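>>> Provided below are the primary sequence and the corresponding predicted coordinates.
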Amino acid sequence: MGALAADPVRPSTPNPVIVLDVAAKALLVLLLASAIRYPELGHLEGKGATARAVGYPLMAFVIPAAWLLGWRDRVSFPWVVDLLVTLTCFTDTLGNRMDLYDSLRWFDDVMHFVNTGVLTAAFILLTLSPRATRGAVIERSLAFGVTAALGWEIAEYYAFLSTSGVIDRYADTLGDLALGTMGSVAAGLLVHWAWQHGRLLTAGPQPLPAVRVFAVRPPVSLQRPAVRRGERPARPSWRRRSPGR
């Protein structure tokens, strides 16, 4: 009896999530390319346009690259997580393109709160099980959120804030760190609430089921007839000699 292996069944993902993820990546690349070619249109003059043009695509494509190189045969692709990471890069670039950071004083604060929270939600979905306790989620949220907010402030300082006044820079940095921390905790609590209510349970990478094996029975013509105890097995018809030999 032989065996035939079938491909593992991958968990399904809603089509709108996939479409949004692909569209956000494509638009992000277009916005960054136009900002590099025409900095005045992207409103990124003096705001680290080159750093964004390199760093944002790396962030947006790091999960697909890691999945293709190491996770493809073990877990499903985390479309929701990938979308959340891509949206943080896309919304920041779009906000600069529309000149919202300079025209709306509060827009920068909102983006620090929301984008840090969105990245934290993606990290929790990627690294924690839906069975995690609220304490574990908050701990992971603070660990990632504070680190991400601090990393952004360091990058922001070297990108374009080093020319501003010392007092304004100090106050802005403290405010952004506080907003990023609050956003990460809020996102963690929101993800935990969703898990408790049966939502986002499969948003993270799901282990692929074991490969199913189907039994294959040989044709009847090749099966040997049952032999009773004490009897000699009958020779197959194609091996029997003719009477004349």
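Structure received.

>>> Check the nearest residue to residue 13 once chain neighbours are set aside and give its pLDDT.
Excluding the flanking residues, the one nearest residue 13 by CB to CB, 6 or more residues apart in numbering is residue 79, at 4.5 Å. (Glycine included, C-beta is placed from N, CA and C.) We note a pLDDT of 95 for residue 79 in this prediction.

>>> Please apply the same query to the one 3 residues further on.
On the pLDDT scale, residue 82 is placed at 96.

>>> So the nearest residue to it once chain neighbours are set aside: helix, strand or coil?
Leaving aside its chain neighbours, residue 82 sits nearest to residue 63 (4.6 Å; criterion: CB to CB, 6+ apart). The three-state assignment at residue 63 reads helix, by DSSP: H, G, I helix; E, B strand; the rest coil.

>>> what do you get for the one 5 residues further on?
Secondary structure of residue 68, reduced to three states by three-state DSSP: helix.

>>> And it, how far from residue 62?
Distance of residue 68 to residue 62, computed by CB to CB, to the nearest Å: 11 Å.

>>> cool, and residue 129?
Per CB to CB, residue 129 is found 22 Å from residue 62.

>>> isn't residue 101 right up against residue 91?
No: using CB atoms under 8 Å, residue 101 is not in contact with residue 91; the gap is 11.4 Å.

>>> Now do the shared contacts for the two.
residue 111 (CB atoms under 8 Å, 6 or more residues apart in numbering).

>>> For this structure, which segments count as helices?
Taking DSSP state H as the criterion, the chain carries its helices at 15-37, 39-42, 49-66, 79-97, 100-103, 107-127, 134-159, 166-196.

>>> What helices and strands are in contact with the fourth one?
Contact analysis of helix 79-97 by 3 or more CB pairs under 8 Å, 6 or more residues apart in numbering; DSSP states H and E lists helix 15-37, helix 39-42, helix 49-66, helix 107-127 as its packing neighbours.

>>> coming back round to it: including mean neighbour count and distance to residue 205, could the helices of the chain go into CSV?
Formatted as CSV, these follow (neighbours: other CB atoms under 10 Å; distance: least, CB to CB, whole Å):
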stretch, mean neighbour count, distance to residue 205
helix 15-37, 16, 14
helix 39-42, 15, 34
helix 49-66, 16, 9
helix 79-97, 21, 8
helix 100-103, 14, 33
helix 107-127, 22, 7
helix 134-159, 17, 16
helix 166-196, 18, 15
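
>>> mean pLDDT lowest for which of those?
Mean pLDDT is lowest for helix 39-42 among these, at a mean of 72.

>>> Does anything pack onto that one? Which helices or strands?
Using 3+ CB pairs under 8 Å, 6+ apart: helix 39-42 touches helix 15-37, helix 79-97.

>>> Reformat those as CSV; add distance to residue 135.
Conversion of the helices and strands packed on helix 39-42 to CSV gives the following (distance: least, CB to CB, whole Å):
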stretch, distance to residue 135
helix 15-37, 29
helix 79-97, 22
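
>>> what's the closest of those helices to residue 179?
Nearest to residue 179 among those is helix 79-97; the distance by CB to CB comes to 14.2 Å.
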